Every structure is written in C-alpha cells, then in structure tokens.
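S.K.: sequence first, then the predicted structure:
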Amino acid sequence: MSQVQLDSELPNGRIKAGKNLHLSKLKQDCKRFIITQKIGFVSLLIILVVVAIAIVAPIIAPYDPISQDRAAFLAAPNAQHVMGTDDLGRDVFSRLVYGSQISLLVGIVTVVISIILGTLIGMISGYFGGIVDMIIQRIMDAIMSIPALILALFIAALLGPAIQNVIIALVIIEVPRFARIVRGEMLRIRESNYVEASRSVGAGSFRIIMKHGLPNMMAPIIVMASLAFGQTIIAEASLSFLGIGTPPPNPSWGLMLSDASMYMESAPWLVLFPGLALSILVLAFNLFGDALRDFLDPKMS
Amino acid sequence: MIEYIVRRLIFGIFVLFIMTTFIFIVMRAVPGDVVTLQLANSGATAEQMDALKAEMGLDKSVLGQLVDWVSKAIQGDLGNSLWSGQQVSQIILERLPVTIQLALMSIVLAIIIGIPIGVISAVKQNSFIDHFLKIISIGGLSIPNFWLGLIMLTVLSLALNWIPPLGYQSFAENPFVNLQQMFLPAICLAITLSASIVRMTRSAVLEVLHSEFIRTVRAKGAKEGIVIFKHALRNSLVSVITLIGLQIGYLLGGTVVLESIFALPGLGSLIFESVLVRDYPIVQSTVLVFGGMFLLVNLIVDVMYGWVDPRIRAK
C-alpha cells in the first residue's frame, strides 16, 4: 500500500522517469512475489493452466461436449473415455474441458462488472459523504443482510436459467462488497494530506478521485477480486446444481454434478471429476488471493 | 447497553424495510406471475385471470401492494400462500426449526473442528504442520459444500451401504433418526465454516502469544498449556465470535443447497420451491426471516463482545 501511495505522489515533471521506474519495480515485485509466496505462485500457475485449457478447449477435448453416444452411456473411465461417460453417453473429460470456459467466463465477467460498479458506488459514497453516503450505505446494508446464495437464488430463479442471468444475480451480490471496501479506502484517503494539498491548489472532485483515489485502492481491490473469483465460481456451480443457473446441455460443472447425483452409486466417477475440477480452481484462486494479501499488506499475516 | 440494543433493533427494522422494498420491486419487475402460471393450461379467459388477480390483490400498483403487505406484516399477518392458501406464518414456523437446527449444529461442529486446529497452527507457527494445515483449511473453504455432500453420500452408500433414513423426522419426534439425517449436511457446512475459524484462531492466538502480558505470564513460570488455554485462547474468542457473525450469511445460504440434496424441509428449500412458482407472500416473508436472522445473530455477536471482553463493554 505505502509503495503505491509514494508513486502517485510523484510530481508531474517526473512522469517519464516514473514510467520506467514503474516497469522495473513491477519486475522486482514479481520476483519478490515468486520468492516469498511460493504457494501463491503455484496457485497462479494453476489458474493460468486452466485459462489455457479453456482457450484451447477445442484442441484438447477429444469429443464434442454435447454430442451423445447412446452406445456408450455411463461407461466407467477407460482408454477411449479417460474420465468415463455420463448418462447420455457424453465424454466427461471433454465436458470438463469445455466447462472451464463457463466457470471462467462467469467469474471474469461478474468480477469485472462488480469491480467497476462497486468502485463507482463506493467512491461516490465515500467522496461525497453525508446524505448520499447514508442512503447508499443503507441500501448496501439491506442487500448484504440477505444471505448471498439466497439472494442469488431469488434473482436467478426469477429471471430463468441462462448464463447472463446468473451473472446478473452474482453481480448484485458482489457489488456491495466491493463498494464497501472502496468507500472505506475513500474515507481514509479523503482525510489524507496530499488530497488536502491538491484541493488547495484547485483540483476538482473528479480529478482528485481519478488521480489519488483510484491508484490508492488498487491493492485491496485486487485481493478482493481474487477471492471474489472463487466465491463466484462456487455460486455459479451451486445455482446450476439447483437447476436455475447455466441451462443444459451446456457443460457447466455444477450442472454435471446435478446430473451425477442421480447415479451416485452406479457411476461415482461422474460425481468425482467435476467436483475435483471445481475445488482445484477455487482453491487456486483462494490461495492466490491469500498470498496477494500477505504480499501487499504484510500487517495482515 | 439497553439503549445500544434498542438503537440496533430500530436500525435493523429499517434495513428489513429496505430489503422488503427491494425484493418487492425485483419480484414484480420480472415477467410472469402466479395466476398465469396456475391457469396457463386451464384455458381460462383473460377476464377470469384478471378477476383472480384482483382477488389476490395483484392488480394494484407495486406501491399499493407494498403498502398493503407492509401494513399487514406489521400486525403480524404475513398473508397466505397463493398456491395452497395456507397461512405463511404457519408454513414458516413449520420449516424454521429445521434450518435453525442445521445452522446450530454446523456452528458447534465448526468450532469443535476449527479451534483446536487453529491453536496447533499458531503454536507451531511457520513449521511444516502450520503450512500443511493452512492448505487444508483453505482447501476446506474452496470445496463446494454440495459436492462434499454428494461425495459423503456416495462413499457411505458404496462402502457401508448406508444412506440417511428417508422422510424427515424432527428431533422431538425421533432424536436418533433426526440426528442421522442432520449430521451429514451439518458437517458439510461445518467444514467450510471451520476453515475460516482455523485462520482466525491462528492469527488471534499468535497476536496474543506475542503480547506483553503473555511474556509476564511466562516469566512467572506458568506452564505452556496454561498460557495457551487459559490466556491465549480466551483472548482469541472475541475474533472467533465476530467471525461467526460474519459467516452466518454464508451458513444460511448454504442451507438451501444442502437441504435440497438431503431432502430436508427447511426454510432454504421453502424459498427455492416458492420462488419458482412465484408465490410472492412466501418468498417475501422467507427472505425477511433470513435477513432478520442475519441481523439478529450479528446483534447477539456484538452484545457478546462485551460479555467476553469487558474492555469493549466499558466503551
């Protein structure tokens, strides 16, 4: 945190030098992260591998994830189907590979929109204070007092099963969480000396928010985003599991588990693989977020 | 203290009111209503549908409906189910004990699992055991609890040929059957919850162990066991209690999926069933009950602070 603050205080005249400084500092930071946060680095690698799998899914997947093979339904893992097939004869491995696209897509879109909206709301609330802050915060309190999954279920079930509806539901859950953090940071920054200084030389509200507010809250937002990623992926899977998330025949991991629950005894591999994939990806995001927090804010560990 | 509690209660009612308004508007902004769903295939004419809507009060403006509902709710009348006609308060009272029992069992199990592991992590700080337990506990946070439920059911039925008894029975009816039915879902919820308790206990115990007064206690020649259990653990309780307050939302949300897997007739499965058939009064009231539980638990947590840590009470 303190590092970032120092950078933003660089006077304008040194911006060019500052850019080079940024780049070399970024390199240094990465090196330091790899050395001090080994678990976090491994987690990052796992995330990158999953991203790569999602991108090149058509090359990796041996079968079409949706095409059914009635001759080979509920086949145990074998040479043709390394993870077996489901009740409709679909290849589990291919579905898992394509399923990563859904988890990551829902995660990325939800987190990005939530960061943008949450930051906007949080900054407005924190910067203006007073009655604006009061109204926004009470609405956020009310939304956050509804257990997250219940709210998601409520919205997703009303809107009907579709990926964009899942994203809408999850955004509504995540926005107040980001808004709260940003507001807290904003309140802190508003009182700081350098904002006082820029106000005294005539900088407007917008300029102060953009130039001092944003750079200073990057660290907490990044940490929060990594953790929100994990929560969002689990929530998507839970909604799909309940039948109100990603609609069939899409290979969502949650949906695969929901199908699998009917064949627990006759085809346990159907339960095993999607859950493992889900757990590993979420674990990677959580460990990475945890490592980032330790790295960016040593006081917390 | 009393003044504080009263202020928090008023604030809570205010939040519940905003929550109701929010739910109300969202629910009516989305196309589809109960009458259309009920009569879709019955060949009813538009006039008949409108008549039924008027009877249910669905023909009024959203604001009018909101005023209607809130003014009745204040008098304790939550309305009737639009499908069964049964009183909503009655339905909720039938279902509430299941969810409360599930939540309480999960909290107790999570504390039993979480605190000892957290203490071990702290005492063995930065050792192999500490790192191992850290990965395990974040692993517990990462495993979707419904998958855990499925795995447990699969393993138990394949290995031991055992499945929980079908058909829910309350604790009062048959404690033995009830506990068999509740234990698995409770442990699934508890594992995730205990993961965060481990992290919290660890850092809280560490903080206390590094403080001045513990040095004094040690200097007086106290045994390590006494240092940890009498002083460090007691002082960490505040953070663990806070955490339970923070996590209660997760816990209540988790009940929805687990109640559905384990076929438990709780509030979670109630809201799931009702929102699908647009039974507005049930959905509204259930969200309100969930929100109310969340706020109440957090109030209790804040009051308990003062009880555990007299320094906070003084403020």
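M.R.: Sure thing, it's come through. Numbers count the residues shown, from 1 in each chain, chains lettered A, B, ... in the order given.
S.K.: who's in contact with the residue of chain B found nearest chain A?
M.R.: Nearest residue of chain B to chain A, counting by Cβ to the nearest Cβ: B:Gly253, 3.0 Å away. In this view, the C-beta of every residue, glycine as well, is placed from N, C-alpha and C. Taking Cβ atoms under 8 Å, 6 or more residues apart in numbering or on different chains, we find B:Gly253 in contact with A:147-150, A:152.
S.K.: which non-adjacent residue is nearest it?
M.R.: The shortest distance from B:Gly253 to any non-neighbouring residue, by Cβ to Cβ, 6 or more residues apart in numbering or on different chains, is to A:Leu149 (3.0 Å).
S.K.: what's in contact with the helix or strand harbouring that neighbour?
M.R.: Applying DSSP states H and E as the criterion places A:Leu149 in helix A:148-159. With contact meaning Cβ under 8 Å, 6+ apart, helix A:148-159 is reached by A:143, A:146, A:165-166, A:168-170, A:172-173, A:231, A:235, A:238-239, A:242, A:244-245, B:23, B:26-27, B:30, B:32, B:249-250, B:252-254, B:256-257, B:268, B:271-272, B:275-276, B:278, B:283, B:287, B:290.
S.K.: low-confidence ranges, the chain, go.
M.R.: Since no chain was named, I'll use chain A. A:1-21, A:205, A:297-301 (pLDDT under 70).
S.K.: my bad, chain B
M.R.: Within chain B, the segments meeting pLDDT under 70 span B:37-44, B:56, B:309-315.
S.K.: tell me which parts of the stretch 151-300 of chain A are close to chain B?
M.R.: For the stretch 151-300 of chain A, the residues in contact with chain B (Cβ under 8 Å from any Cβ of the partner chain) are A:151-155, A:157-159, A:230, A:234, A:237-238, A:241-242, A:244, A:254, A:257, A:260-261, A:264-265, A:268, A:271-272, A:274-275, A:278-279, A:282-283, A:285-287, A:290.
S.K.: show only the entries of these found in helices.
M.R.: Those of those mapping onto helices are A:151-155, A:157-159, A:230, A:234, A:237-238, A:241-242, A:254, A:257, A:260, A:271-272, A:274-275, A:278-279, A:282-283, A:285-287, A:290, per DSSP state H.
S.K.: of the residues of the stretch 151-300 of chain A next to chain B, just the buried ones, ChimeraX syntax please.
M.R.: Filtering these down to the buried ones (16 or more other Cβ atoms under 10 Å in any protein chain shown) takes a single ChimeraX command:
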select /A:151,152,153,154,155,157,158,159,230,234,237,238,241,242,244,254,257,260,261,264,268,271,272,274,275,278,279,282,283,285,286,287,290
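S.K.: ok, now which ones touch the residue nearest the centre of chain B?
M.R.: With distances taken as Cα atoms, centre = their mean, B:Leu252 lies nearest the centre of chain B, 2.1 Å away. B:Leu252 makes contacts with A:147, A:150, B:99, B:103, B:268, B:290, B:293-294, as judged by Cβ under 8 Å, 6+ apart.
S.K.: out of those, list just those in helices.
M.R.: Per DSSP H, the contacts of B:Leu252 map to helices at A:150, B:99, B:103, B:268, B:290, B:293-294.
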